[in-house]
Structures are given as C-alpha cells and as structure tokens.
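*Asks:* Any chance you can model this:
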Amino acid sequence: MMKKRPKALQSFAPCPLRPSRSFFAFAFVLLTFTRPSPAQDAKAIVTAAVHIELTADANDHTPFQYYDHDITPDHDTLFYVVETPQGNLKKKIQDHGHPLDPQQRQADDQRIQALLADTAAQQRARSNSNHDDNEAEEMLRLLPQAFIWTLTGQEGNVATLSFKPDPNFSPSGFEAKVLSAMGGQITVARTPGDRDDRIASIKGTLLDDVTFGWGILGRLRKGGSFYVVRKEIAPGHWQMITSNVHINGHALFFKTIGSDEDEARTDFKLSPAKTLQQASELLKDIH
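*Replies:* Residues are numbered from 1 along each chain as shown. The predicted model follows:
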C-alpha cells in the first residue's frame with residue numbers, strides 16, 4: 001500500500017496540504033519550578049499530538065476499504081475504495097445520487113481494467129500520493145511552530161485549542177507561508193499520560209491573501225477554509241471521515257486534492273487485498 005499522508009491533514013488542500021502519507025520526537029519536559037503558562041500547556045498538547053500522528057503514519061500501514069463520497073463543482077460521485085500495498089483501487093457506485101446505468105457501469109469497469117494493465121499509470125498514482133504525503137507531513141510538522149496556541153476548552157477527554165499566526169514565525173517555504181496566514185481550531189482526543197493524544201478535528205481560515213512571486217506564481221484568497229474530522233475506526237487506527245476544503249486561488253501544493261471539495265468516508269473495514277488485482281476481485285461484489 002502506498003505511504004499514507006498524515007491523516008490529520010489528508011484533505012487540507014489550499015496549499016493543500018496531502019498526508020505523511022517521521023517526525024523528530026519532541027521532549028516537552030518543563031525544567032522549571034514555576035507553573036507553566038496556559039500558552040505553554042496548549043503548545044505542549046499540540047506538539048505531543050503532532051508527534052504521535054506522524055509516528056502513527058510512519059508505522060501504521062494497515063489497509064482499509066470504505067465508501068468515499070466526493071463532491072466538487074464538476075462531479076458528485078460515490079466510490080468504493082480498496083487499499084492495498086500496491087496502491088488504492090476504487091469503483092464508481094453512484095453519480096449524483098443515482099446508481100450507474102449500464103453504459104456508465106461499462107465505462108467504469110473499463111477504466112479499472114485499463115489501470116490494472118497500465119503500470120505507468122499506477123506509478124504516477126503512487127508518485128502523486130507520495131508527493132501529497134510529503135507536503136502534508138511538512139505542514140503537520142510546522143503546526144507547533146507557526147502559531148500561538150490557546151487552550152479554550154476541555155470536555156471529557158477532548159481538548160479544544162485555538163490558533164492564530166505567531167508574528168515571530170518566519171516562513172521559509174510555500175507551505176510555511178500559507179500556514180503563517182491562518183487561524184482556526186483543533187480538537188485533541190487525550191488519554192491518561194498524554195501518550196496517545198490524537199487529532200480529532202482541525203479547521204482553519206486564511207486570514208489574509210497569500211501570494212507567491214508577487215502573485216505571478218500563485219495567489220490564495222483571504223477567507224478560504226478547510227475542515228477535517230477524524231475518527232478511530234478500529235482500535236488504534238484513526239482515519240479522516242469528513243473533509244471540506246474551500247480555497248479560492250490558483251496555487252495548490254497537492255496533486256490529488258481539489259481547492260473546492262467535500263469528501264465523506266464511511267463503513268470502514270479491513271482490506272484483505274494484497275494486490276490491485278485482488279482489489280479488483282473484491283470490487284466485483286460491491287454494488
């Protein structure tokens with residue numbers, strides 16, 4: 001199965017962000033006798049969660065299968081996706097809420113067979129996935145550094161934290177420049193000992209326009225937003241279940257994530273497929 005982008009940011013796409021699909025271990029040991037400030041507490045929570053997410057993405061390559069409902073200005077499609085160590089294979093189930101007619105079904109079956117026979121296309125898909133994974137990993141690494149963090153709430157084991165740009169942060173690349181113009185909120189599902197903190201949701205908004213090369217190379221418009229919700233779909237396995245990305249502009253860092261896209265994933269199951277061919281056999285029984 002291809003390397004997964006960090007799931008916490010799988011769909012943050014202006015710059016976008018695709019996640020991984022490992023991170024320097026942060027040791028947040030407070031070596032003072034004074035009580036840490038709320039800002040320090042908040043940054044410590046985020047740092048620990050980012051470290052755990054990147055470690056999990058590096059070590060967990062468990063394949064799943066699931067329904068994926070993807071909506072953009074150009075399409076409204078329900079797919080069934082089967083992950084494998086060779087990559088992912090998907091079958092179109094519905095188009096704009098309706099089952100495929102015989103002609104559409106034939107066309108989608110032909111698409112699947114063409115992909116199975118085209119090793120170059122398979123390699124391009126893996127390359128695009130790896131590119132997005134690397135972009136998402138870099139942005140996830142920057143989260144503790146780029147923002148001023150505030151702990152705004154705690155309900156049960158879920159901590160809510162808000163973030164705003166840190167004026168002392170100096171962005172050194174495209175991803176960092178986009179992050180430095182954002183504000184928003186994340187929630188972290190916490191466990192005793194803070195050893196398994198996981199990012200449950202993240203949402204952000206561009207507070208200012210972001211330009212690249214004085215706007216010649218790209219521009220992302222103020223007000224663009226993203227929202228990602230994640231869930232533990234099996235013990236220790238977290239996946240994105242909802243992603244909403246609405247970014248106005250023409251500078252995208254991700255190859256497979258749109259700038260105006262809503263996605264929902266449901267009905268996760270472990271995938272037994274080891275190859276794309278085995279995935280295609282599984283998909284024959286999905287309607």
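*Asks:* And stretch 167-187, what's buried?
*Replies:* 171, 174-187 (16 or more other CB atoms under 10 Å). C-beta here means a position set from N, CA and C on the backbone, and glycine is covered the same way.
*Asks:* closest to residue 267 among those residues?
*Replies:* Closest approach to residue 267 among those (CB to CB): residue 187, at 23.4 Å.
*Asks:* I figured the closest one hits residue 160, correct?
*Replies:* Yes. Between residue 187 and residue 160 there is a contact under CB atoms under 8 Å: 5.2 Å.
*Asks:* who's in contact with residue 84?
*Replies:* Contact partners of residue 84, counting by CB atoms under 8 Å, 6 or more residues apart in numbering, are 1, 63, 271, 273, 274, 275, 276, 278, 279.
*Asks:* distance of it from residue 219?
*Replies:* Separation of residue 84 from residue 219 (CB to CB, to the nearest Å) stands at 38 Å.
*Asks:* Please apply the same query to residue 231.
*Replies:* 34 Å.
*Asks:* Residue 183 too?
*Replies:* 19 Å.
*Asks:* How many residues are close by residue 199?
*Replies:* The tally of other residues near residue 199 (other CB atoms under 10 Å) stands at 23.
*Asks:* what bridges to it?
*Replies:* residue 188 (DSSP bridges).
*Asks:* Just to check, it is in contact with residue 56?
*Replies:* No. With contact defined as CB under 8 Å, residue 199 does not count as touching residue 56 (10.3 Å).
*Asks:* Quick one: the strands in the protein, in order.
*Replies:* Counting by DSSP state E, the chain has strands at residues 64-71, 76-84, 87-95, 98-99, 147-155, 158-165, 182-189, 198-206, 210-212, 218-220, 225-234, 237-246, 260-270.
*Asks:* remind me, longest helix of the chain?
*Replies:* helix 119-146 (DSSP state H).
*Asks:* Buried residues, stretch 51-65. List them.
*Replies:* For stretch 51-65, the neighbour count (16+ other CB under 10 Å) marks 51, 52, 53, 54, 56, 57, 58, 63, 64, 65 as buried.
*Asks:* of all those residues, which two lie farthest apart?
*Replies:* Farthest apart among these - using CB to CB - are 51 and 65, which lie 28.9 Å from each other.
*Asks:* Provide a list of residues in contact with residue 182.
*Replies:* Counted by CB under 8 Å, 6+ apart, residue 182 has contacts 147, 163, 165, 204, 205, 206, 207.
*Asks:* what's the pLDDT at the nearest residue to residue 160 once chain neighbours are set aside?
*Replies:* In space, and not counting its chain neighbours, residue 160 is closest to residue 153: 4.0 Å by CB to CB, 6 or more residues apart in numbering. For residue 153, the model assigns a pLDDT of 91.
*Asks:* Any regions of the chain where pLDDT drops low?
*Replies:* 1-40, 192-195, 212-218, 249-258 (pLDDT under 70).
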